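> The sequence and its predicted three-dimensional model are supplied below.
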Amino acid sequence: MEQFPAPPLPDWIERQLRPGTRRFLVDVGAYRMHVSEAGDGAPVLLLHGNPTWSFLYRKVAAALAGDRLRLVMPDLIGLGFSDRPRSASEHTLEAHARWLGALVDRLALRDLVFVGHDWGGPIGLRALADRPAAARGLVILNTVVSPPREGFHPTRFHRFSRLPLVSDVAFRLLGFPQNALHRVQGDPNSIRGDVARAYRYPLRRLSDNAAPLALARMVPDGRPDHPSLEPLERVQAFVTSFAGPVAIVWGDRDPVLGRVRKRIEALLPKAAVTRTEAGHFLQEEVPDEIARAIRRVVY
């Protein structure tokens, strides 16, 4: 599998990563996906969501430094240091799953444990639904694994993302929501200073920051023909039939997806559940709990 050099990182970001982290680009079809990788051993695929990048998992990677694990942490297409699609209309759940599936195939990831957060959950699970033999375990972190129920009301954040012009100005010109990640945390100080700056850095230019708004609009809005619904049905079918070990680690103080936990527990009644006082980006607040859940599923 051919790898391409990753763009260099500023020293102030590099210093925050687990020592020995390897970075490279992989051709996944029309675009190249940026991957951070640490360690060697059993493969663990850790996928972030909107609007973050693989930096989100650096504390989890550090907590697992003593384990024989190959931690594979890609950036979704359009985010982090992965390529940007030519059109915002390319951002669909099905397309992201196809790109991620190509990465799984290119890296020959087999018998993997998948860790998914935010949009990374359904994107990764949709990719695995097409290659069920590739997964041996799942770790679910403040995400969704099914279509919304009838009568679903999008969050205020997602309703805002559909306001014409206003949302374009906020997302594209004012750096929203990258500059407000601390507001959805249990501890707002968990995303401050150089940590907050690192999340903003890959999206600092207007030409690079179309994905956050496009991914926000990927959330179903009540229309029966929304393009995310059918892939989410495939995700639900996959997880409810999955026979391997499953763990859920949840941030109860998440104003975005916190209310979804009960639905996921009902769909995955055998999953080991760890509830925490973290917010949405729980990797910043409870990395040790996530690392323990990964170990339980791997070993």
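The structure has been received and is ready for your questions.
> Could I get the contacting residues of Arg253?
Arg253 sits next to Gln185, Gly186, Glu277, Ala278, Gly279 when contact means C-beta atoms under 8 Å, 6 or more residues apart in numbering. (Glycine included, C-beta is placed from N, CA and C.)
> cool, Pro148 as well?
Pro220.
> Tell me where the stretch 1-150 of the chain has strands.
Ranges of strands in the stretch 1-150 of the chain, per DSSP state E, counting those that start in this stretch, are 4-5, 22-27, 32-38, 42-47, 69-74, 112-118, 135-143.
> ranges for the helices of the protein?
11-14, 58-63, 93-106, 120-129, 156-160, 166-168, 193-200, 211-216, 229-241, 261-267, 287-298 (DSSP state H).
> that older thread, among the strands of the stretch 1-150 of the chain, which is nearest Arg162?
Closest of these to Arg162 is strand 112-118, at 18.2 Å (criterion: C-beta to C-beta).
> Quick one: list the elements packing against the closest one.
When contacts are defined as 3 or more C-beta pairs under 8 Å, 6 or more residues apart in numbering; DSSP states H and E, strand 112-118 sits against strand 42-47, helix 120-129, strand 135-143, helix 287-298.
> and it, average pLDDT?
Strand 112-118 carries an average pLDDT of 99.
> quick one: that strand to chain centroid distance?
With C-alpha atoms, centre = their mean, to the nearest Å as the basis, strand 112-118 stands 8 Å off its chain's centre.
> That one vs helix 93-106, what angle?
With axes from the mean of the first three to the mean of the last three C-alpha atoms, to 10 degrees defining the directions, strand 112-118 sits at 150 degrees from helix 93-106.
> Flag every buried residue along strand 112-118.
For strand 112-118, the neighbour count (16 or more other C-beta atoms under 10 Å) marks Leu112, Val113, Phe114, Val115, Gly116, His117, Asp118 as buried.
> export those to TSV and tack on distance to His153?
As requested, the buried residues of strand 112-118 are exported to TSV (distance: C-beta to C-beta, whole Å):
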residue	distance to His153
Leu112	35
Val113	33
Phe114	29
Val115	28
Gly116	24
His117	22
Asp118	19
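> Closest one of the residues you listed to Ala129?
Distance ranking of these against Ala129, using C-beta to C-beta, places Phe114 first at 11.2 Å.
> any idea of the mean pLDDT in stretch 211-218?
What stretch 211-218 shows for mean pLDDT is 97.
> So what touches it?
With contacts defined as C-beta under 8 Å, 6+ apart, stretch 211-218 is touched by 49-51, 76-79, 84-85, 88, 91-93, 119, 157-158, 161-162, 167-168, 171-172, 176-178, 203, 227-228.
> Quick check: the gap between Ala30 and Glu2.
16 Å (C-beta to C-beta, to the nearest Å).
> who's more crowded, these two?
Taking neighbours as other C-beta atoms under 10 Å, Ala30 and Glu2 compare with Ala30 leading, 14 against 8.
> ok so, going back, CSV for the helices of the chain, including distance to Trp250?
Below are these laid out as CSV (distance: least, C-beta to C-beta, whole Å):
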stretch, distance to Trp250
helix 11-14, 28
helix 58-63, 15
helix 93-106, 22
helix 120-129, 12
helix 156-160, 19
helix 166-168, 28
helix 193-200, 21
helix 211-216, 21
helix 229-241, 15
helix 261-267, 5
helix 287-298, 10
